[in-house]
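Pasting a predicted model and its sequence here:
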Amino acid sequence: MSLELYLDLTSQPCRSVYIFAKLTNIPFEYKAVDLSAGEHYGEEFEKVSILRKVPVLKDGAFILTESIAIMQYLAGKYSTPDHWYPADLQKRARVDEYLAWQHTNMRTSGSKVFWLRSVIPALTGAPVPQEKMDPAVEDLNMSLKLFEEKFLQDRPFVLGEKISLADLVAIVEIMQPVGTGLDVFEGRPVLSAWRDRVKNGIGVELFDEAHQKVMNLSSLQQALQSKGLPEFFKLRLQKMFI
């Protein structure tokens, strides 16, 4: 039975899994899950994962959730090139360090800006107040500063000369607010040069393919507006992000 990956490329963790699998020539069957249509809340998807989140890996009877765990599993099972997730204990620990840090920093701040600048206005029909937006952007700027100063420093990539899972996870998270029209690379030459190296390391064609949906958010916003969501869910989102 072939490996199955349940994905929606609007999601940054899904993009990291998709890019990694494609780039390392891991054969898989793409199972599209439309988050904007609420397909992850459907009965069919619940049979795959009761967490109702993507990405999900299904390898025969084995089901795995969480993008980091999925990529680590793929790296081990398919013996992907060592630079992605090194066997060397200290190098691997550096990758793990970033992957642990980013959940409550880069991912949290970038996702909040994405929701405030794109999803919430599409669902509510009104822009988010500036006094709510400014602290979110400030948090994102702090995450970007820490990424440059702590994790990147003066190296081409997080681990040095070669790209790793840390760089891959970082770039997909950073591109999320970029998709809303916020140019986080402006005035950051170090970050911009790193982005270009990562993009070239992945391959421009694959990078652009994976980010096509998030860089065309008007279609996502139209889908959210046309499908609509229950009022209680809109209020819940406003409470979470505003």
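That came in fine, so what should we check first?

Strands of the protein, start to end?
4-7, 29-32, 56-59, 62-65 (DSSP state E).

which other helices and strands contact the third one?
Counting by 3 or more C-beta pairs under 8 Å, 6 or more residues apart in numbering; DSSP states H and E, the packing neighbours recorded for strand 56-59 are strand 4-7, strand 62-65, helix 67-77. C-beta coordinates here come from the backbone N, C-alpha and C atoms, glycine included.

Relative to Leu99, which of the strands of the chain is closest?
strand 62-65 (15.4 Å; C-beta to C-beta).

now that closest one: how far from the chain's centre is it?
Put simply, strand 62-65 sits 19 Å off its chain's centre (C-alpha atoms, centre = their mean, to the nearest Å).

likewise stretch 16-33?
For stretch 16-33, the distance from its own C-alpha centre to the chain's C-alpha centre is 14 Å (C-alpha atoms, centre = their mean).

likewise stretch 5-15?
Taking C-alpha atoms, centre = their mean, the mean C-alpha location of stretch 5-15 is offset from the chain mean by 7 Å.

Give me the residues contacting it.
Stretch 5-15 is contacted by residues 17-18, 21, 28-36, 45, 48-49, 54-58, 66-67, 70, 107, 110-111, 172-173, 175-176, 210-214, 220 when judged by C-beta atoms under 8 Å, 6 or more residues apart in numbering.

go on, stretch 137-151?
For stretch 137-151, contacts defined as C-beta under 8 Å, 6+ apart pick out 97-98, 101, 105-106, 108-110, 112-113, 158, 166, 170, 174, 177, 182, 184, 188, 190-191.
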